[in-house]
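Visitor: quick one, what's the 3D model for this:
(one chain, ligands or ions: 1)
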Amino acid sequence: MAVDEEATMQPPLTALQVMQDAPVIPVIVLHDVAHAVPLARALVAGGIRMLEVTLRTPQALACMEAIARDVPGAIIGAGTVRSAADAQACAMAGARFVVSPGYTRSVGKACHDLGLALLPGVATGSEIMMAQEDGFTELKFFPAMQAGGIAMLKAWQGPFGDVKFCPTGGVTPQNAKEFLALSNVQCVGGSWLVPADAMAQGDWYRITALAREAVALRG
Ligand code: 3PG
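Guide: This is a model prediction of the structure:
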């Protein structure tokens, strides 16, 4: 059975389910398809199932397909989705949720039509309002540190008290707890769970350990 057929048999996820599964969504950049399955297994072993595989390398879609085929405990997300065509390709590769660095109506509509949960990226009040207008109330705050960090999220608690954010960009194991303590933060995103050197060395135990530490952030 093709990966896309299997994916369509799964019940659709909501963005809130994606955000509630663990305190951290790992932002993954894969250059080698051979790394995809052991990496996904290492993260799942550490308690992280929602995996954002970014569309930043030519291998990204093949990596999603490999994980969908061989790591049943993982739930694949596609990151860096910037067009409806990107969303379609990721759905075919087995992705069940999408994370985008910004928000456009065409990406929102494509994800809705494909049954993919979407965490659209926002950095301003107008972008939040546009996403809300289209029915999206769980949003990625990107790039979080560069665009105002904790202070910005606190400022949004008043006018946008009904929105939950996943701050991403500059979030670290050191500052993640401070983000997670905010009432409008459901989870954070970060690349620190998948260090390039650990992947190059095949140090999957280190990645499992980082995933365990990330799960423990929400104590
Ligand atoms: C990204 O898009 O690369 C994410 O924002 C990850 O940022 P980080 O490397 O600062 O975690």
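
Visitor: and the residue nearest to the spatial centre of the chain, how far from L30?
Guide: Centroid-nearest residue in the chain: E52, 4.2 Å away (criterion: Cα atoms, centre = their mean). Distance of E52 to L30, computed by Cβ to Cβ, to the nearest Å: 11 Å. Where you see a C-beta, it was placed from the backbone N, CA and C, and this is true even at glycine.

Visitor: any low-confidence regions in this protein?
Guide: Scanning the chain for pLDDT under 70 picks out the ranges 1-9.

Visitor: show me the helices in it, by range?
Guide: Assigned by DSSP state H, the chain shows helices spanning 3-9, 15-20, 33-45, 60-70, 84-92, 105-114, 125-133, 149-156, 176-180, 196-201, 204-215.

Visitor: now what about the last one, what contacts it?
Guide: Surrounding helix 204-215, the residues in contact under the criterion Cβ atoms under 8 Å, 6 or more residues apart in numbering are 22-24, 26, 38-39, 41-43, 45-48, 173, 176, 192-195, 198-199.

Visitor: among those, which are in reach of the ligand?
Guide: Filtering those for proximity to the ligand by Cβ under 6 Å from any ligand atom leaves W192.

Visitor: contact partners for I25?
Guide: Under the criterion of Cβ under 8 Å, 6+ apart, the neighbours of I25 are 18-19, 50-52, 77, 99, 166, 168, 187-190.

Visitor: run the last query once more with 6 Å
Guide: By Cβ atoms under 6 Å, 6 or more residues apart in numbering, the contact set of I25 is M50, E52, G189.

Visitor: who is the residue nearest to it when sequence neighbours are not counted paired with across the strands?
Guide: With Cβ to Cβ, 6 or more residues apart in numbering as the measure, G189 is the residue that lies nearest to I25, at 4.5 Å, once sequence neighbours are left out. Note on G189: beta-bridge partners I25, T168, judged by DSSP bridges.

Visitor: let me know how buried G189 is, in neighbour terms.
Guide: By the criterion of other Cβ atoms under 10 Å, G189 has 27 neighbours.

Visitor: quick one: it from the ligand, how far?
Guide: Remark: distance between G189 and the ligand (Cβ to the nearest ligand atom, to the nearest Å) = 6 Å.

Visitor: go ahead and confirm that residue touches G170.
Guide: No: G189 is not in contact with G170 according to Cβ atoms under 6 Å; the separation is 10.4 Å.
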